[in-house]
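Enquirer: Here is my input; please provide its structure:
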Amino acid sequence: MNKFFIITNWERDRELVVTGALREKLENAGCRVDTHISKDEVNGVYTDPESIPGDTDCVIVIGGDGTLIAAARDTIGLSLPILGINAGKLGFLTDVEPEMLDRAVDALVGDRCHIEERMMLNGVVRDRKGDLKSENIALNDVVINRKGSLRVVEYGVWVNDKFLSSFRADGIIICTPTGSTGYSLSAGGPIIEPKSHIICITPICPHTLNTRSIVLSDENVIRIETSDDETEVNFDGRVSFALEASDSVEITRSDHSAKIMRINEESFLTILSDKFKK
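Expert: Modelled structure (predicted):
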């Protein structure tokens, strides 16, 4: 690889120290480097995919996991591998620490990287007549939750058009294996190996003593309904859509996947152990 597009979260690299160092090292290795500095997010979008040259080999993201997730969503139609440089906190998706830039450049230029295909979710909002109101994708999770005053809301859950259960809770998280170490984990959900083909349903602060997460294969179609007007659906915590009573949200595995590039050979369990020591 020798053509790279760097997306930098300015909040994470304000002096552009990491960005400048990476660009210099890549250019010294004979590579072409284009750079986009992301300062403002507009409707959940950090980067206009049309600004990325068509012959780009790889997108490099400097920031945290949230920046990488945004880049994966923004570039979904380009099917480009994405390497993350961790300028955030935990960094489950960002594979390279700033002190590893020399090693990262050697691996990139020498094509000594591997790519993990991460499943994504497609979410469709329909009204009571079944007409389409909104549609979006998520790498981490789709969350249906209350808004406005503090109170529990009742959510009905169907799987393949068969009623599964109803939950009285603050909300419902439907996550991918990638998203299992995010909001779902904080809500008591399981940690899932990221290359698995699984969808997990986790209620948020359920008003019951025995509600647990439900793990399903990615072949299932999940539908969430609520009769409450003050609810909304969020995609990766970035794009939200207000729901009306009797709207439904249908979640399926997306036809798209995120190509997360790795230069490290550590197992997921090793990475998990290391990150939670921080």
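
Enquirer: my hunch is that Leu150 is in a helix, does that hold up?
Expert: No - per DSSP: H, G, I helix; E, B strand; the rest coil, Leu150 lies outside any helix segment and is coil.

Enquirer: tell me the phi and psi of it?
Expert: Backbone torsions for Leu150, taken as degrees, to the nearest 10, come to phi -80, psi 120.

Enquirer: Tell me which residues of stretch 55-67 come out buried.
Expert: Thr56, Asp57, Cys58, Val59, Ile60, Val61, Ile62, Gly63, Gly64, Asp65, Gly66, Thr67 (16 or more other C-beta atoms under 10 Å). C-beta coordinates here come from the backbone N, C-alpha and C atoms, glycine included.

Enquirer: what does stretch 203-223 give?
Expert: Per 16+ other C-beta under 10 Å, stretch 203-223 contains these buried residues: Pro203, Ile204, Pro206, Thr211, Ser213, Ile214, Val215, Leu216, Ile222, Arg223.

Enquirer: And what about the first one, helix, strand or coil?
Expert: Spelled out, it's Pro203. From three-state DSSP, the assignment for Pro203 is strand.

Enquirer: pretty sure it contacts Asn210?
Expert: No - counting by C-beta atoms under 8 Å, Pro203 does not reach Asn210; the two are 11.1 Å apart.

Enquirer: State the pLDDT value of the nearest residue to Gly182 once chain neighbours are set aside.
Expert: Once flanking residues are discounted, Gly182 sits nearest to Asn140: 5.2 Å by C-beta to C-beta, 6 or more residues apart in numbering. Asn140 carries a pLDDT value of 96.

Enquirer: Repeat that for His207.
Expert: Residue-level pLDDT assigned to His207 equals 88.

Enquirer: Also Arg151?
Expert: Looking at Arg151, the pLDDT reads 80.

Enquirer: Tally up the residues packed near it, please.
Expert: For Arg151, the neighbour count with other C-beta atoms under 10 Å is 11.

Enquirer: And the next helix or strand past the longest helix seen in the chain?
Expert: Using DSSP state H, we find that the single longest helix of the chain is helix 17-28. The helix or strand immediately downstream of helix 17-28 is strand 32-38, counting by DSSP states H and E.

Enquirer: in the stretch 51-200 of the chain, which spans are helices?
Expert: Counting by DSSP state H, counting those that start in this stretch, the stretch 51-200 of the chain has helices at residues 65-74, 101-109, 183-186.

Enquirer: what about those, which gets the closest to Thr252?
Expert: Closest to Thr252 of these is helix 65-74 (C-beta to C-beta; 16.7 Å).

Enquirer: Now do that closest one and strand 32-38, the angle between them.
Expert: 110 degrees (axes from the mean of the first three to the mean of the last three C-alpha atoms, to 10 degrees).
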